[in-house]
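**Student:** any chance you could fold what I've pasted below:
(4 chains)
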Number of protein chains: 4
Amino acid sequence: MNTAILLLHCPDKKGIITEITKFISDNNGNIVYLDQYTDNVDKHFFMRLEWELDGFQIPREKISEYFGTLYSKRYGIDYHVYFSDRKPRMAIFVSKMSHCLYDLLARYEAGEMDVEIPCIVSNHEDLRYVAEQFKIPYYVWNVAPDHSNQAEVEEAQMALMQELKIDFIVLARYMQIIGDKFIAEYPHNIINIHHSFLPAFVGAKPYHQAYERGVKIVGATSHYVTAELDAGPIIEQDVVRITHKDTPESLALKGKDLEKIVLSRAVKKHLERKILTFKNKTIIFG
Amino acid sequence: MNTAILLLHCPDKKGIITEITKFISDNNGNIVYLDQYTDNVDKHFFMRLEWELDGFQIPREKISEYFGTLYSKRYGIDYHVYFSDRKPRMAIFVSKMSHCLYDLLARYEAGEMDVEIPCIVSNHEDLRYVAEQFKIPYYVWNVAPDHSNQAEVEEAQMALMQELKIDFIVLARYMQIIGDKFIAEYPHNIINIHHSFLPAFVGAKPYHQAYERGVKIVGATSHYVTAELDAGPIIEQDVVRITHKDTPESLALKGKDLEKIVLSRAVKKHLERKILTFKNKTIIFG
Amino acid sequence: MNTAILLLHCPDKKGIITEITKFISDNNGNIVYLDQYTDNVDKHFFMRLEWELDGFQIPREKISEYFGTLYSKRYGIDYHVYFSDRKPRMAIFVSKMSHCLYDLLARYEAGEMDVEIPCIVSNHEDLRYVAEQFKIPYYVWNVAPDHSNQAEVEEAQMALMQELKIDFIVLARYMQIIGDKFIAEYPHNIINIHHSFLPAFVGAKPYHQAYERGVKIVGATSHYVTAELDAGPIIEQDVVRITHKDTPESLALKGKDLEKIVLSRAVKKHLERKILTFKNKTIIFG
Amino acid sequence: MNTAILLLHCPDKKGIITEITKFISDNNGNIVYLDQYTDNVDKHFFMRLEWELDGFQIPREKISEYFGTLYSKRYGIDYHVYFSDRKPRMAIFVSKMSHCLYDLLARYEAGEMDVEIPCIVSNHEDLRYVAEQFKIPYYVWNVAPDHSNQAEVEEAQMALMQELKIDFIVLARYMQIIGDKFIAEYPHNIINIHHSFLPAFVGAKPYHQAYERGVKIVGATSHYVTAELDAGPIIEQDVVRITHKDTPESLALKGKDLEKIVLSRAVKKHLERKILTFKNKTIIFG
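**Tutor:** Purely as a prediction, here's the structure:
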């Protein structure tokens, strides 16, 4: 069953749900999913609609145009149309740690994620054997410790992304700060996993910071990458209880389990087109 | 701001959201809350709508009738209309343990719960002092150990409920099994807290059962009371981690904290009219 | 059954457990609790011992002296001896919110906490009725908005604490910063509840901060008060999941449930003499 | 640093900690880990000791004998000695689902688990490619639907286990009931993952059972296999919150994440020799 997905937000207005759902029902679409949310503080409306393409009177290639003409300008709607039969293309960036990469690839292999993975990118050779196990091309660009070649490396990476028609990028513990130009190419399409319960312990070595502070719980946070470090819209967080017996090393081990699960939940929500971003926050449909 | 709340469910049908929201918007109602859910397994539709009464063209006393005439029969809708300015009236039934009672009354006193509490009912004198602290009438009926007077006691209790116009009853660790006739008077309006993670450890002494089985997590469950013991629709559950060091006594202490919070969350959802029941399960709007 | 409790820490040394337990067993003491922990990073040893006084050969009033003479100097041990039949005396400081106060008093009334509560102190009259419900003396000192009378107020409060022989103080959402002199009088004996997952959202209005940042989980933290704001040794933390639907107000409501439970767990561990502090962290025995 | 690990339990007795630790300190052993627990209900004592072999006066091959002679009979101690430089040998049994297998192998590959994995055993060919990715021998025995060849298959499996010197077996969603004779060969050395929060939903299709009952939380349980189905000593459990929106399929997906983490935590505790079993329960050292 092929479906169209409409993800939108706009200033709130009386009767807007009735209006928008009429667009589907008047054109003989069968809605299979509807969720909406009104932010009563900011008076803003958010919606996700999904309906069967079979029998819908507007041809799929015209849906976005029609909706734009009929609704978008009138209501000031920011929207995007997706189709369920078009698999998103995801690039995974890694460094030396394998846990998030294995977790994503095992899910991919088991058919849990409806996605294409045309490449794995790294700044080290270390994980090439994992890419080979799963027969996915592995590209390496060494970034100099002084970052002197960063701009050049990122140009090459962006060229690869374009060539492989990558829709979004997952930083699976990539351990490099991405440049603003690269980020601007993929707005809200680069997903990072930070190994702390943000906004606690921003930056380097969060498990050591947590150990020093003596917290009783540690966390992991998945967020969209924006220009400010570790400050983009948060998609998912989770935590695990620790004790005084934990060392920075045991924290890191417990944290790895969190990182895997938090990152995969975020990727999954992104793939399902269930995330909207607004004012540096995410609205996540259920 | 006074609002009307419409809680409904019916067999799913194409265009039903548009149809129902039109009832509000065509009559100049301003929707302040809409949530709906379609059960794709059972092909059943559930909805909660809330709109401002101010400016709505149908007089409040006619809303239920109009909706019934115009929609209910046509779509096979089971529905109920509530008004935000009508405070529900809640009776609390207790036995000897004070933790859930104190928790509910402290929230009531702090204005956290929009409710009237005309009475506290018990089978023991033990908690009369708590009722007196909060100046709420306290009624005691002793139930004989052999339950020989149970029918008689419940008749008297039902008479009191009727006299005090009670809308729903909270069993805050009442420790008595309610008779079928009483339950039938308050369908899905008696909320119980069971001190285990149902369906594990049904019946008596669940903390002892948990101790014997050696579980690593214990829970508490709030549910609507139905004729079958501990088998009604589950409203809320929560759990807490335990270890081999816990005794039945320490389990009971940890459990008390769960019971309070799980029961109060369930009561709150009930008060907010955010629960629908269908096929012995609950749909809980967010 | 009366017991003695020995809480100690010292630099780690081979054979120290054997040595210290011999102090009890050689003097015919029956150990009912032993827990110890070695911090292998700092090479430091921590221990909690509890044994029956009945039959123990050293008179209770001499135990501390004997242990000091025989062990403390030799091993550089920092220690304290407590007796189970001596109830600690706790003062509760509150401001305007009742939830933590009610929770502590309900537990006290139900016999869950082995403690005396000789007074409740506040900077407002608001919660006098709660103190009266539980028949506990209630003292009010208004603190000027510019804190001009803070030193004077704290002198008076300290005098009261001394007069009432208070052992430790619980800040149950007191909303005032305690002066250094007061803190120095009660080192690691003032327990605060902060309504965030520290170190995230230090300072004022943490729920608003959490709302602005768009986190998916909020927390509460109980810690010992030290001179630096919200930076003392953490005793207990817990968290609750939130969504984009939460407002600062609903966050505050969810948070209140966390605050109660986190504060009461911390008070309980303190009462049980199961907390040691070292390098601004806590060791919490199970 | 090579260490010896002594895991023991016996009826509780005054002074037993002093006695046993003297065995180490008198023979010049440096204790690096000590944890003990006294079950005050059953008056039973449990202990885990770990000390450096370097400098210890009793030769490693004599430690077990000496401890047995000097202590075991006198105190009725049930004990076992392990050495940190002897890697346990683990067999993994799987059926058709890859998630637990991948998770274990990714941890193994990353050096998170100090173990040898000489074989993977299955009743299906489906996961041979995973075994090949990690270059581990894969053995298949088809079990007839009527189990007519079960005894024969298990004889062959036991022969393989013996040949490969397997210490313990992990059932990573093996989906077959193990025969009593096989279980008797590996008492408390077969670890299973059951996809429910035991004792709720014993047996087949627990996610469907959870869906039908309408629970708000689902869990996973790792336990030692005993003759009674899903009733062995529980090692680890964890849970995840669900809603009315979850289907049996989405429950199964959420559950897979639980199963992986719960199973791996149990395997890790087993590998670290931190589990004792007593009266069908586990004592798990921290």
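
**Student:** so what's A:Y79 closest to, chain neighbours aside?
**Tutor:** Excluding the flanking residues, the one nearest A:Y79 by Cβ to Cβ, 6 or more residues apart in numbering or on different chains is A:L8, at 3.7 Å. All C-beta atoms are positioned from the backbone trio N, CA, C, and that covers glycine.

**Student:** thought A:H44 was touching the one you found, still the case?
**Tutor:** No - taking Cβ atoms under 8 Å as the definition, A:L8 is not a contact partner of A:H44, at 11.1 Å.

**Student:** of these two, who's got more company?
**Tutor:** Higher neighbour count among A:L8 and A:H44: A:L8, with 22 against 16, using other Cβ atoms under 10 Å in any protein chain shown.

**Student:** assign the more buried one to helix, strand or coil.
**Tutor:** Here A:L8 is recorded as strand under DSSP: H, G, I helix; E, B strand; the rest coil.

**Student:** report the contact partners of it.
**Tutor:** A:I20, A:F46, A:M47, A:L49, A:I77, A:D78, A:Y79, A:H80 (Cβ atoms under 8 Å, 6 or more residues apart in numbering or on different chains).

**Student:** which non-adjacent residue is nearest the fourth one?
**Tutor:** Among residues not flanking A:L49 along the chain, A:L6 sits closest, at 4.4 Å (Cβ to Cβ, 6+ apart).

**Student:** from chain C, how far out is the one you found?
**Tutor:** In this view, A:L6 and chain C are 19 Å apart by Cβ to the nearest Cβ, to the nearest Å.

**Student:** who does that residue bridge with?
**Tutor:** Note on A:L6: beta-bridge partners A:L49, A:V81, judged by DSSP bridges.

**Student:** A:F278 too?
**Tutor:** Bridge pairing for A:F278 (DSSP bridges) gives the partners A:K281.

**Student:** that one and A:H9 touch, don't they?
**Tutor:** Yes - between A:F278 and A:H9 there is a contact under Cβ under 8 Å: 6.0 Å.

**Student:** mutual contacts of those two, please.
**Tutor:** Common neighbours of A:F278 and A:H9 are listed as A:H44, A:F46 (criterion: Cβ under 8 Å, 6+ apart).

**Student:** next, the buried residues of the longest helix along chain A.
**Tutor:** In chain A, taking DSSP state H as the definition, the longest helix is helix A:248-271. Neighbour counts using 16 or more other Cβ atoms under 10 Å in any protein chain shown place A:251-252, A:254-271 of helix A:248-271 among the buried residues.

**Student:** do the same with stretch A:58-77
**Tutor:** Neighbour-count burial for stretch A:58-77, with 16+ other Cβ under 10 Å as criterion, is recorded at A:I58, A:I63, A:S64, A:Y66, A:F67, A:Y71, A:S72, A:Y75, A:I77.

**Student:** could those go into CSV alongside pLDDT, distance to C:H208 and secondary structure?
**Tutor:** CSV is the format used below for the buried residues of stretch A:58-77 (pLDDT from 0 to 100; distance: Cβ to Cβ, whole Å; DSSP: H, G, I helix; E, B strand; the rest coil):
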residue, pLDDT, distance to C:H208, secondary structure
A:I58, 97, 44, coil
A:I63, 97, 40, helix
A:S64, 97, 38, helix
A:Y66, 96, 42, helix
A:F67, 96, 36, helix
A:Y71, 93, 34, helix
A:S72, 91, 33, helix
A:Y75, 94, 30, helix
A:I77, 97, 29, coil
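
**Student:** identify the residues contacting A:F168.
**Tutor:** By Cβ under 8 Å, 6+ apart, A:F168 lies in contact with A:P88, A:R89, A:M90, A:A91, A:Y186, A:N189, A:I190, A:I191, A:H270.

**Student:** any chance of a markdown table for those, columns pLDDT and distance to A:A110?
**Tutor:** Below are the contacts of A:F168 laid out as a markdown table (pLDDT from 0 to 100; distance: Cβ to Cβ, whole Å):
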| residue | pLDDT | distance to A:A110 |
| --- | --- | --- |
| A:P88 | 98 | 18 |
| A:R89 | 98 | 19 |
| A:M90 | 98 | 16 |
| A:A91 | 98 | 20 |
| A:Y186 | 97 | 27 |
| A:N189 | 98 | 24 |
| A:I190 | 98 | 25 |
| A:I191 | 98 | 20 |
| A:H270 | 98 | 18 |
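
**Student:** mind giving me the ChimeraX command for buried ones among those residues?
**Tutor:** Only the buried entries of those go into this ChimeraX selection, using 16+ other Cβ under 10 Å:
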select /A:88,89,90,91,186,189,190,191,270
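
**Student:** show me the contacts of A:F168 that map onto helices.
**Tutor:** A:H270.

**Student:** next step: the contacts of A:F168 restricted to strands.
**Tutor:** Mapping the contacts of A:F168 onto strands (DSSP state E) picks out A:R89, A:M90, A:A91, A:I190, A:I191.

**Student:** quick check, nearest of the residues you listed to chain C?
**Tutor:** Nearest to chain C out of the ones in strands among the contacts of A:F168 is A:I191 (Cβ to the nearest Cβ; 14.3 Å).

**Student:** so A:I193 bridges to which residues?
**Tutor:** Beta-bridge partners for A:I193, by DSSP bridges, are A:S222.

**Student:** how deep is it tucked in, by neighbour count?
**Tutor:** When neighbours are counted by other Cβ under 10 Å, A:I193 registers 24.

**Student:** that one contacts A:S264, doesn't it?
**Tutor:** No - A:I193 lies out of contact with A:S264 (Cβ under 8 Å); the separation is 9.4 Å.

**Student:** domains in chain A, by residue range?
**Tutor:** Chain A breaks down by automatic domain parsing into domains covering A:3-83, A:89-284.

**Student:** what's the most buried one of these?
**Tutor:** Highest mean neighbour count of those: domain A:89-284, a mean of 19 (counted as mean count of other Cβ atoms under 10 Å in any protein chain shown).

**Student:** how close does A:K135 get to A:D114?
**Tutor:** To A:D114, A:K135 is 19 Å away according to Cβ to Cβ, to the nearest Å.

**Student:** got the residues of the stretch 51-200 of chain A near chain C?
**Tutor:** A:F197, A:L198, A:P199, A:A200 (Cβ under 8 Å from any Cβ of the partner chain).

**Student:** roughly how far does the third one sit from C:D180?
**Tutor:** Using Cβ to Cβ, we find A:P199 at a distance of 28 Å from C:D180.

**Student:** for A:D238, give me its contacts.
**Tutor:** Contacts of A:D238 (Cβ under 8 Å, 6+ apart): A:G219, A:A220, A:L258, A:I261, A:V262, C:I217.

**Student:** tell me which two of those residues sit farthest apart.
**Tutor:** Comparing every pair within the contacts of A:D238 by Cβ to Cβ identifies A:I261 and C:I217 as the most remote, at 13.7 Å.

**Student:** if we look at chain D, which of the buried residues of helix A:248-271 are close to it?
**Tutor:** A:K256, A:D257, A:I261, A:S264.

**Student:** pick the one among those closest to chain C.
**Tutor:** Nearest to chain C out of these is A:I261 (Cβ to the nearest Cβ; 13.3 Å).

**Student:** hang on, the closest one packs against D:I261?
**Tutor:** Yes - A:I261 lies in contact with D:I261 (Cβ under 8 Å); the separation is 7.3 Å.
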